[in-house]
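Asks: Next comes the sequence, and after it the predicted model I'd like to discuss.
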Amino acid sequence: MNDILPADTPCWQYLEQAIHRVLDAYGYQEIRLPVLEYTSLFERSIGDHTDIVEKEMYTFLDRNGDSLSLRPEGTAGCVRAGLENGLLYNPIQRLWYIGPMFRHERPQKGRYRQFHQIGAEAFGMAGPDIDAELILITARIWRALGLTDHLRLEINSLGTKESRAVYRERLIDHFSEHKEALDEDSRWRLAVNPLRILDSKNPALQELIAAAPTLIKHLDKESAAHFDTLRLMLETAGIDYEVNPRLVRGLDYYTKTVFEWITDRLGAQGTVCAGGRYDGLVEQMGGKPVPGVGFAIGLERVAAMLELGDNRFAKPPHIYLIATGEGSSLQALKLAECLRDALPGLRLLAHCGGGWFKKPIQTRR
Ligand code: HAM
């Protein structure tokens, strides 16, 4: 968990504002969500047998004996808030949120236990046009931040729950035939969540994974048509992408479209933004069947790409006001307030606390 220090906050403010402006331009409204939720919310939505729920949540009993968890992501809380506050009765909602998320992962460059996301979630729209809109939003954000050349888009379709169940059986057949070649983790995954084997980074398994049947070939008709139209829309909008049939994502709620924006500049933790469709989730959480789709951007990773600490984000004062001599400090106070009234946006730093003023001038140069 990191402190974000004053030398770095200008970069964070810059990127948060740039992303906010783009979301605003597409008509997305901000929703502010609690960082604590009932643990069962994440178990039911992200899935019992995902790495996040099995190994990574910060979970504790509160004074009432209720099991609570620090949120590991924002989609589940957003759906809960939508349901509890009747937002999902409206046919259409476009929402966004920002804030810290918590996962007890092994920390490394680009992977932290408290990290920050800006996420967007769109509800009530079943067609691929909204999937395309969300991808276009992210592409516009990269353009606004000057990062387009360093990011590539990967997309895939996970189909409906039903077509995924059929695929799951094929996958179990394939990996069961080579069970002796699997590592301990993958054997466990084979029993509870075989799709996640496709995500394994173990080099010894890559050949077996490459030979596995692909989901995209087992898609139901409707998901295949949805995916084809999305591809056409991206091509029409001039967005380059790659279809990655191995892209399965680590959360169980996805259906149909999934996507990730990836960079080679950050080493192993190169996924800067990820998202997809989750058409069954609202109903699964007790609502009416309302389709949903969204993404979340990992802000630490974007900040790292913007070269944190870079001076171009610094905000030095326009004026440093020093009063010297008897009685001058009252005049200086008046003058400073006058200037602030007259020149909105002026950054005026007043020399306070008395003492010798040479030092502040030197350090500000
Ligand atoms: P996710 O892939 O788990 O998806 O996280 C989204 C992004 O958050 C990642 O691509 C990465 O940039 C950042 N991230 C995740 N874990 C860490 C970490 N430990 N340290 C630093 N950055 C991290 C979700 O969270 C979904 N809720 C996205 C979504 C929204 N899908 C639909 N709507």
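Replies: In hand now; what should we look at?
Asks: The ligand contacts on the protein?
Replies: Residues of the chain lying close to the ligand by CB under 6 Å from any ligand atom are 73-75, 103, 105, 111-112, 115, 117, 119, 121, 250, 271-276, 294-296, 298, 300-301. Any C-beta I mention is one placed from the backbone N, CA and C, and that applies to glycine too.
Asks: out of those, which are inside strands?
Replies: Using DSSP state E, the members of the residues of the chain next to the ligand that fall in strands are 115, 117, 119, 121, 271-276, 294-296, 298.
Asks: wouldn't Glu242 be in contact with Arg152 here?
Replies: Yes - here Glu242 reaches Arg152: they are 6.6 Å apart, a contact under CB atoms under 8 Å.
Asks: So which of the two has more stuff around it?
Replies: Arg152 (15 against 11; other CB atoms under 10 Å).
Asks: which residues touch that one?
Replies: Asp240, Tyr241, Glu242, Trp261, Ile262, Thr263 (CB atoms under 8 Å, 6 or more residues apart in numbering).
Asks: Let's check: the centremost residue of this protein is which one?
Replies: With distances taken as CA atoms, centre = their mean, Ala296 lies nearest the centre of the chain, 2.3 Å away.
Asks: Give me the pLDDT value at the nearest residue to it once chain neighbours are set aside.
Replies: Spatial nearest neighbour of Ala296, chain neighbours left out: Gly119 (3.8 Å); criterion: CB to CB, 6 or more residues apart in numbering. pLDDT recorded at Gly119 is 98.
Asks: Let me know how buried Gly119 is, in neighbour terms.
Replies: Neighbour tally, Gly119, other CB under 10 Å: 25.
Asks: Could you do Phe60 as well?
Replies: 12.
Asks: The one 4 residues further on now?
Replies: Using other CB under 10 Å, Asn64 has 6 other residues around it.
Asks: Let me know the outermost residue of the protein.
Replies: The centre of the chain is farthest from one residue, Glu326, which by CA atoms, centre = their mean lies 55.6 Å away.
Asks: how close does that one sit to the ligand?
Replies: 55 Å (CB to the nearest ligand atom, to the nearest Å).
Asks: So that residue: helix, strand or coil?
Replies: coil (DSSP: H, G, I helix; E, B strand; the rest coil).
Asks: For the ligand, what's its nearest residue on the stretch 251-365 of the chain.
Replies: Closest contact between the stretch 251-365 of the chain and the ligand, by CB to the nearest ligand atom, is at Gly298 (2.2 Å).
Asks: And the strand or helix carrying Tyr97, what's buried?
Replies: Using DSSP states H and E, Tyr97 maps to strand 93-102. Neighbour-count burial for strand 93-102 flags Gln93, Arg94, Leu95, Trp96, Tyr97, Ile98, Gly99, Met101, Phe102 (criterion: 16 or more other CB atoms under 10 Å).
Asks: Identify the residue spatially nearest to the last one, adjacent ones excluded.
Replies: Nearest residue to Phe102 in three dimensions, chain neighbours excluded: Leu70, at 3.8 Å (CB to CB, 6+ apart).
Asks: which residues does that neighbour contact?
Replies: By CB under 8 Å, 6+ apart, the contact list for Leu70 reads Val35, Leu36, Met57, Tyr58, Met101, Phe102.
Asks: got the residues you listed as TSV, with pLDDT columns?
Replies: Below are these laid out as TSV (pLDDT from 0 to 100):
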residue	pLDDT
Val35	98
Leu36	98
Met57	97
Tyr58	98
Met101	98
Phe102	98
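Asks: and which of those is nearest the ligand?
Replies: So of the contacts of Leu70, ranked by how close each gets to the ligand (CB to the nearest ligand atom), first place is Met101, at 6.9 Å.
Asks: OK, contacts around the closest one?
Replies: Remark: with contacts taken as CB under 8 Å, 6+ apart, Met101 is in contact with Leu70, Arg71, Pro72, Glu73, Gly74, Gln114, Phe115, His116, Gln117.
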